[in-house]
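Trainee: turn this into a structure:
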Amino acid sequence: MFARPERDAPAVDPLECRKQAISAEALSPATAATIKWLASEQTNYPMSIGRVVATVGCTISVYHPVFSQFQTHMENAELIPTPDQARKAHKLLDIGQTVYATEDDRLAELYPILSHLLYPVEGPPSYLGFEPDGLIFVRTQNDAIPILVLETKNEIGTGGCDPEVQCAFSYQKLWSHDTRLSKVRNACCCPSFLLSMAGHKFTIHGAVLAEGFITEPLTEGIGMAGFSNKSARAEKVAKYFAALQKCLQTLSDYYMTLKPRDDCELASFSPEFRKYGENSQFNLTYTSANLLPGRNGRAMFNALLKGPGISGRVAVKVKFTTRYCPEAHELLAKKGLAPKLLHWESFSGKWKVVVMDSLPGDNMATMPQQPIPKRALKDLEDALTLLHSKDWVYGDLRRPNIITCTRDGAVEPGAMLVDFDWAGKHGKQTYPLGLSEHVKWPNGVRGGERMKKEHDIAMFDMLCMNKM
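Mentor: Numbering: from 1, shown residues only. Take a look at the predicted model:
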């Protein structure tokens, strides 16, 4: 397990991070993905692909909406594959069930079926310098832009590496080393889909290039063999490819209207959530990379907010998270015990986006390990009392979630709480499963267990004794 400090990462230049990711002299995808080289390659040139631990990025839907559209299509009961799509998917199941002597034999059967279910699958151009198993391009006036990368293995366990990992490395190579794509790369987050196949299973991923390369699985490994109702399975598989085909069309339209750039700017790969409110009158301009890199289930960015009632632009934090309690946040914010909550809404399925004031004070986790000032402890006690009076539990009262502030010109600093990801109703909300084993939690605080007010009180007592 790993520690979970909710503090900003050290300030980094996102453009420089991106430049370093692009210039990485990584091994060939087929070599980098092998067990011999994967760990060292991810150490030297890390990508957020979920291998190894702590290389998981935030959801790629933050950067481009096409990936959440895939999930929407899959959940849409009205998206029914055509009979022709179902027949081709039935043939794909036949290919999955068949044992081929070589990977080339399997590819020869796959190409025409995938080309029919999606768009024409092509072999790698000679100028690439490496050979992905297949590519789908959108061709603009000047560029051939890869919108899907295909990697296959003849069977599970053959070929020396996992095709999912190899596909991620192939995506990285395509977008970083093909100089023909440099101006397109400067203009966007380079959204593409990845299709990996091994014998009778396939998986669909999405991929982007933000300040670094990020991939995310959009499906589990989908089986194509051993189902007694083969027709029903073919219909299910056909829907995956019907949804993917629609998303590839969306990407094609996106790239056809994209204006390549000679240079890159942060706005080219900032999160897509840039406006909110009635008639989208509030506008966000992002000014940082993800402040919580490698953090599963959350991401946070610095931004400047402009809109009605705001003089000029004000500094804010924009957070993307899988769980949040705006009620608890707003309750404390009204009393000056938390940053002002400016906006929150559901975003891309189960994700939430939160916009709040950016506080000028220090994060207590970055301060010398010394007793917390009495005025700050009084603010924390008041915050817990207020939350508990409404049956809310904060859940994570540790230094990383406490920001110092000035109260009425007082010399001694006060405190505000930030990070309401865990907060919830007493006895109903549960702690996240992945609690750090490096934190001395109070008795009863364990992953998956119900949160209770007495846990907050125990954490407060530990803070008072300088043990938290």
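
Trainee: just give me the longest helix of this structure.
Mentor: helix 230-257 (DSSP state H).

Trainee: mind giving me the packing neighbours of that one?
Mentor: Counting by 3 or more CB pairs under 8 Å, 6 or more residues apart in numbering; DSSP states H and E, the packing neighbours recorded for helix 230-257 are helix 66-75, helix 83-97, helix 103-117, strand 134-139, strand 144-153, strand 192-198. Backbone N, C-alpha and C define where each C-beta goes, glycine included.

Trainee: which one of the ones you listed is the most hemmed in?
Mentor: Counting by mean count of other CB atoms under 10 Å, strand 192-198 has the highest mean neighbour count of the helices and strands packed on helix 230-257, with a mean of 26.

Trainee: quick one: that one to chain centroid distance?
Mentor: Mean-position distance between strand 192-198 and its chain equals 18 Å (CA atoms, centre = their mean, to the nearest Å).

Trainee: what's the following helix or strand after that strand?
Mentor: With elements assigned by DSSP states H and E, the helix or strand that comes after strand 192-198 is strand 201-209.

Trainee: that following strand vs helix 103-117, what angle?
Mentor: Strand 201-209 and helix 103-117 are oriented at 70 degrees to each other (axes from the mean of the first three to the mean of the last three CA atoms, to 10 degrees).

Trainee: direction included, what does strand 201-209 pair against?
Mentor: Strand 201-209 has the following sheet partners, assigned by DSSP bridges: strand 192-198 (antiparallel), strand 213-217 (antiparallel), strand 222-223 (antiparallel).

Trainee: now that strand, how far from the centre of its chain.
Mentor: That offset, for strand 201-209, works out to 13 Å (CA atoms, centre = their mean).

Trainee: use 247 as the first number for this chain going forward.
Mentor: I'll keep to 247 as the first residue from here, and by that count the last item is strand 447-455.

Trainee: what average pLDDT does that strand get?
Mentor: Per-residue pLDDT over strand 447-455 has a mean of 97.

Trainee: go on, stretch 404-421?
Mentor: Regarding stretch 404-421, the rounded mean pLDDT is 94.

Trainee: and it, what's buried?
Mentor: For stretch 404-421, burial by neighbour count (16 or more other CB atoms under 10 Å) applies to 405, 407-421.

Trainee: chain center to it: distance?
Mentor: Stretch 404-421 sits 19 Å away from the centroid of its parent chain (CA atoms, centre = their mean).

Trainee: same thing with stretch 428-437?
Mentor: Worked out by CA atoms, centre = their mean, stretch 428-437 lies 19 Å from the chain centre.

Trainee: also stretch 591-605?
Mentor: Distance, centroid of stretch 591-605 to centroid of chain: 14 Å (CA atoms, centre = their mean).

Trainee: mind listing what's buried in it?
Mentor: 593-594, 597-603, 605.

Trainee: what does it rub up against?
Mentor: Defining contact as CB atoms under 8 Å, 6 or more residues apart in numbering, one finds that stretch 591-605 is touched by 305, 307-308, 311, 313-314, 317, 519, 522, 530, 548-549, 551, 560-570, 572, 575, 579, 585-590, 649, 651, 662, 664.

Trainee: now, the residues you listed that are in helices?
Mentor: Using DSSP H, the contacts of stretch 591-605 in helices are 313-314, 317, 572, 575, 579.

Trainee: let me know the closest of those residues to M711.
Mentor: Nearest to M711 among the ones in helices among the contacts of stretch 591-605 is H575, at 27.2 Å by CB to CB.

Trainee: nearest residue to the closest one in space, please, no chain neighbours.
Mentor: Distances taken as CB to CB, 6 or more residues apart in numbering place F666 nearest to H575, at 4.3 Å, with adjacent residues excluded.

Trainee: wait, that neighbour touches P572, no?
Mentor: Yes. Between F666 and P572 there is a contact under CB atoms under 8 Å: 7.3 Å.

Trainee: so if I had to pick from those two, which one is more boxed in?
Mentor: The neighbour count for F666 versus P572, taken as other CB atoms under 10 Å, is higher for F666 (31 against 17).

Trainee: now, among the buried residues of stretch 591-605, which is nearest to V454?
Mentor: Once CB to CB is applied, the member of these that ends up nearest V454 is S594, at 13.1 Å.

Trainee: residue contacts, the closest residue to L550 other than its chain neighbours?
Mentor: Counting by CB to CB, 6+ apart, R559 is the residue found nearest to L550 once chain neighbours are left out, at 4.1 Å. Listed by CB under 8 Å, 6+ apart, the contact set of R559 reads 531, 550-552.

Trainee: out of the residues you listed, which are buried?
Mentor: In the contacts of R559, burial by neighbour count holds for 550-551, counting by 16+ other CB under 10 Å.

Trainee: so which of the contacts of R559 are in strands?
Mentor: Using DSSP state E, 531, 550-552 are the members of the contacts of R559 that sit in strands.

Trainee: let's have those residues in TSV, adding pLDDT and distance to G469.
Mentor: Listed next are these as TSV, based on pLDDT from 0 to 100; distance: CB to CB, whole Å:
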residue	pLDDT	distance to G469
T531	97	45
L550	97	48
L551	97	47
K552	96	50
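
Trainee: and which of those residues is nearest V639?
Mentor: When the ones in strands among the contacts of R559 are compared against V639 (criterion: CB to CB), the nearest one is L551, at 30.1 Å.

Trainee: the closest one contacts L588, doesn't it?
Mentor: Yes. Using CB under 8 Å, L551 is in contact with L588, at 7.1 Å.

Trainee: any common contacting residues for the two?
Mentor: 562, 601.

Trainee: where in this structure is pLDDT low?
Mentor: Confidence mapping of the chain against pLDDT under 70 gives the ranges 247-257, 299-303, 540, 595, 714.

Trainee: show me the contacts for the nearest residue to P311 once chain neighbours are set aside.
Mentor: Excluding its sequence neighbours, the residue lying closest to P311 (CB to CB, 6+ apart) is E518, at 5.9 Å. E518 makes contacts with 308-311, as judged by CB under 8 Å, 6+ apart.

Trainee: likewise K671?
Mentor: Going by CB under 8 Å, 6+ apart, K671 touches 637-639.

Trainee: can you redo the residues you listed as a markdown table with distance to L363?
Mentor: Output for these, formatted as a markdown table (distance: CB to CB, whole Å):
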| residue | distance to L363 |
| --- | --- |
| D637 | 52 |
| W638 | 50 |
| V639 | 49 |
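
Trainee: out of those, who has the most neighbours?
Mentor: The most crowded member of these, judged by other CB under 10 Å, is V639 (27 neighbours).

Trainee: number of nearby residues for the closest residue to it other than its chain neighbours?
Mentor: Spatial nearest neighbour of V639, excluding adjacent residues (CB to CB, 6+ apart): M697 at 4.4 Å. The number of residues packed near M697 is 24, by other CB under 10 Å.

Trainee: ok, M697 - contacts?
Mentor: Contacts of M697 by CB under 8 Å, 6+ apart are 639, 641, 668, 670, 672-677.

Trainee: ditto for G558
Mentor: Here G558 is in contact with K552 (criterion: CB under 8 Å, 6+ apart).
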